[in-house]
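A.B. asks: Following is a predicted model, sequence given first.
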Amino acid sequence: MTNFVETFYKDRKFPFIFTLFALLICVTIILFANTTINFTASNPIAFYPDNVKVQQPFNHHDPPALTDSKDHQEQPLDHDAPPVLTDSKDHQEEPLHHDAPPVLTDSKDRQEQLPPNQHEGGLLHWEKAFDNNVSVDLNMVDWKLCKGVLAVDYIPCLDNLKAIKALKRRRHMEHRERHCPKSTPHCLLPLPKGYKVPVSWPKSRDMIWYDNVPHPKLVEYKKEQNWVVKSGEYLVFPGGGTQFKEGVNHYINFIEKTLPAIQWGKNIRVVLDAGCGVASFGGYLLDRNVITMSFAPKDEHEAQIQFALERGIPATLSVIGTQKLTFPDNGFDLIHCARCRVHWDADGGKPLFELNRILRPGGFFAWSATPVYRDDERDQKVWNAMVTVTKEMCWTVVAKTLDSSGIGLVIYQKPTSSSCYEKRKQNKPPICKNNESKQISWYTKLSSCLIPLPVDAAASWPMSWPNRLTSIPPSLSSEPDASDVFNNDTKHWSRIVSDIYLEAPVNWSSVRNIMDMNAGFGGFAAALIDRPLWVMNVVPIDMPDTLSVIFDRGLIGIYHDWCESLSTYPRTYDLVHSSFLFKSFNQRCDIVDVVVEIDRILRPDGYLLVQDSMEAIRKLGAILNSLHWSVTSYQNQFLVGRKSFWRPKP
């Protein structure tokens, strides 16, 4: 042994051995670091991974830590910006008084008032979890306010005045359709003067802050019909309407009594309210376990949809013009129209063909309008045209009556088989060819044909609510493993929501309106079904088309391209969620544009809840920090951003 050591030093092999040993240590460290940083982001279901490795959920006895308030205190205060409000939970517990607006506090107080399980522990502040050396062309160090008279309520794809003025015609509501600008301006929308944390649900269904939606035109225009009334600092919604002379609850009962086959909250779960006004019909149907997609265009009845969303009622801006609605085929159980000002027989009945497309086989169309019960020449002309078109579509009148106030109602039913189509003397309108009926309804022209009726299981009605939420959807793919994929997705989201999301630094008691940016099968929404909130499930146009499955489950949603702006008013959602979506934006659109859009639609104090790759989380965190949002992360794949009241100085 002594000779070996003497030979080792004599031959001077020690430097070589030392270098080799050091190299082995470096390789070991690198391998260990990669193993620690990387997490599973595989995606066998095409939109959401079922086998994402989730670490142990938060220990309730050792709760997660929030952002260090010291970091925010070091930022200079903007005296021109609205103060940060108290946690919305506090407002829910206090009675609303006309002379008692929400109490203001600083952000430090707001953090300390979060639920007890959100003070300390597993969540890390962005700056503590990651460095800020992110290769993102932020171009936004100097954020500016959007300017112009429309800035407060700006909707990029509906307020493109240059494109609207250039239209050659408007006869088919072309000016109310989407006309997106070529580039989205990187500016932030100002807040309305006096903006407050919205009134909490369920009080918000009946009253909202006037300063949040300061539009008196509809109040004056509909003052005799009890749509909306201004009362002090509030807008109050009495539950009236043009056709709801005895109140909306009486009207809802009237429909069910007229046709007992309509059982609210059982076989009728997903409803479309066309030309919804302020969405009181959909708002009161929520009491019957019915989820209603209310829609109306942005027109002279200003702020209808803005009112609806501020109230916490599902709604979207849309119009039946020249393009298909962004809903799936055979989706709605019932479609409703009460004096909705749609010319259903126009262009040979194209608007009715569109209703036929999105109505479930065997579904109902409830139409309450003057042609149903008035005998003057104009109304009778419209009624006769409706008779002609509905017979051509093989719709059956299953009920027609008057209520005690003299309001008339007719209920049609769509056929469940193609036998009637085959018996028609003329093939008018024709049955759509496969290439016409399989298109996703995104910038797609209205059809002049009827979509073929589904066959076999695809034509069956879903199970009664709530069983349809977890049962195998009739429209699910017929692939051998489709049922297993669906069931695994449902279990995956139940696990993620209960173990991660509900333990995140989110004040869920303040969350009412949610947008899921890439909803997949709607598992995220299904996992939240027992909470007093609703989810707008978005299926991006470049992802698998699962929107029919979402409707079969008794949920609502739309198609959308996130490289464009959403058709909704600003400040209309409390929480925006996405799962493994942002990592795909590098290929199609600018992530900064997407974040600007999220900032537009999210209410101050609202949340962005993201699961994504490490790279996407880093980029998002950098952008959100520049917007003065608070940002926390968990397990290197979950991010929670909370929007502040900060706005750039004018």
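C.D. replies: Here it is on my side, so go on. Numbering: from 1, shown residues only.
A.B. asks: any idea how far K428 is from Y421?
C.D. replies: 11 Å (C-beta to C-beta, to the nearest Å). For the C-beta atoms, the positions are set from N, CA and C on the backbone; glycine is no exception.
A.B. asks: Compare these two (neighbour count), which wins?
C.D. replies: Comparing Y421 with K428 by other C-beta atoms under 10 Å, the one with more neighbours is Y421, at 18 against 12.
A.B. asks: On the pLDDT front, check the more buried one for me.
C.D. replies: Predicted confidence (pLDDT) for Y421: 93.
A.B. asks: and it, what does it touch?
C.D. replies: C394, P415, I431, L450, L453 (C-beta atoms under 8 Å, 6 or more residues apart in numbering).
A.B. asks: Can you show me the helices along the stretch 301-450 of the chain?
C.D. replies: 304-311, 350-358, 370-373, 377-392, 419-423, 434-437 (DSSP state H, counting those that start in this stretch).
A.B. asks: And those, which one averages the lowest pLDDT?
C.D. replies: helix 434-437 has the lowest average pLDDT among the helices of the stretch 301-450 of the chain, namely a mean of 68.
A.B. asks: the helices in the stretch 101-250 of the chain, which residues?
C.D. replies: Going by DSSP H, counting those that start in this stretch, the stretch 101-250 of the chain shows helices at 107-112, 126-129, 161-165, 217-221, 248-258.
A.B. asks: Can you mark which positions in the longest one are buried?
C.D. replies: In terms of neighbour count (16 or more other C-beta atoms under 10 Å), helix 248-258 has its buried residues at V248, Y251, I252, F254, I255, T258.
A.B. asks: Please report how far the first one lies from G283.
C.D. replies: In this view, V248 and G283 are 8 Å apart by C-beta to C-beta.
A.B. asks: Could you do the last one as well?
C.D. replies: Taking C-beta to C-beta as the criterion, T258 is separated from G283 by 21 Å.
A.B. asks: do the second one as well
C.D. replies: When distances are taken as C-beta to C-beta, Y251 and G283 turn out to be 12 Å apart.
A.B. asks: Could you do W264 as well?
C.D. replies: According to C-beta to C-beta, W264 stands 14 Å off from G283.
A.B. asks: Looking at the two, which is more packed in?
C.D. replies: Comparing W264 with G283 by other C-beta under 10 Å, the one with more neighbours is G283, at 26 against 19.
A.B. asks: how far away is that one from I208?
C.D. replies: 12 Å.
A.B. asks: shared neighbours, those two?
C.D. replies: F237, R311.
A.B. asks: Can you tell me the element N488 falls in?
C.D. replies: Remark: N488 resides in helix 482-499, with elements defined by DSSP states H and E.
A.B. asks: Tell me the helices and strands packed up against the helix or strand just after that helix.
C.D. replies: The helix or strand immediately downstream of helix 482-499 is strand 513-516, counting by DSSP H and E. In terms of contacts (3 or more C-beta pairs under 8 Å, 6 or more residues apart in numbering; DSSP states H and E), strand 513-516 is packed against helix 523-527, strand 534-540, strand 573-579.
A.B. asks: Dump these into CSV; add distance to G277, mean neighbour count and mean pLDDT as well.
C.D. replies: Converted to CSV, the helices and strands packed on strand 513-516 look like this (distance: least, C-beta to C-beta, whole Å; neighbours: other C-beta atoms under 10 Å; pLDDT from 0 to 100):
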stretch, distance to G277, mean neighbour count, mean pLDDT
helix 523-527, 26, 26, 98
strand 534-540, 19, 25, 98
strand 573-579, 21, 25, 98
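A.B. asks: hey, what's A399 bridged with?
C.D. replies: Counting by DSSP bridges, A399 is bridged to I411.
A.B. asks: and stretch 315-331, which residues are buried?
C.D. replies: Neighbour-count burial for stretch 315-331 [16+ other C-beta under 10 Å]: 315-321, 323-331.
A.B. asks: just checking, which of the helices of the stretch 301-450 of the chain sits deepest inside the structure?
C.D. replies: helix 304-311 (a mean of 27; mean count of other C-beta atoms under 10 Å).
A.B. asks: could you dump the contacts of Y421 to a markdown table with neighbour count?
C.D. replies: Shown next, in a markdown table, are the contacts of Y421 (neighbours: other C-beta atoms under 10 Å):
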| residue | neighbour count |
| --- | --- |
| C394 | 20 |
| P415 | 17 |
| I431 | 15 |
| L450 | 23 |
| L453 | 21 |
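A.B. asks: which one of the residues you listed is nearest G148?
C.D. replies: L450 (44.0 Å; C-beta to C-beta).
A.B. asks: Just to check, the closest one is in contact with N356?
C.D. replies: Yes. Assessed by C-beta atoms under 8 Å, L450 is found in contact with N356 at 5.9 Å.
A.B. asks: so what sits against both of the two?
C.D. replies: Joint contacts of L450 and N356 (C-beta under 8 Å, 6+ apart) are M393.
A.B. asks: about what we covered before: pull the most distant pair out of the buried residues of stretch 315-331.
C.D. replies: L317 and N330 (23.4 Å).
A.B. asks: one step back: now go through the buried residues of stretch 315-331 and say which are in strands.
C.D. replies: Residues of the buried residues of stretch 315-331 located in strands (DSSP state E): A315, T316, L317.
A.B. asks: Distance to V270 and pLDDT for the buried residues of helix 248-258 - can I get that in CSV?
C.D. replies: Listed next are these as CSV, based on distance: C-beta to C-beta, whole Å; pLDDT from 0 to 100:
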residue, distance to V270, pLDDT
V248, 19, 92
Y251, 19, 94
I252, 16, 96
F254, 21, 96
I255, 16, 97
T258, 20, 97
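A.B. asks: Reformat these as JSON lines; add distance to K381.
C.D. replies: Below are the buried residues of helix 248-258 laid out as JSON lines (distance: C-beta to C-beta, whole Å):
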{"residue": "V248", "distance to K381": "30"}
{"residue": "Y251", "distance to K381": "26"}
{"residue": "I252", "distance to K381": "30"}
{"residue": "F254", "distance to K381": "26"}
{"residue": "I255", "distance to K381": "26"}
{"residue": "T258", "distance to K381": "25"}
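A.B. asks: Now flag whichever of the residues you listed is closest to L476.
C.D. replies: Using C-beta to C-beta, the buried residues of helix 248-258 come closest to L476 at I255, 30.4 Å.
A.B. asks: Which residue is the nearest non-sequential neighbour of L639?
C.D. replies: Leaving aside its sequence neighbours, L639 sits nearest to V610 (C-beta to C-beta, 6 or more residues apart in numbering; 4.4 Å).
A.B. asks: quick one: which helix or strand includes the one you found?
C.D. replies: strand 602-611.
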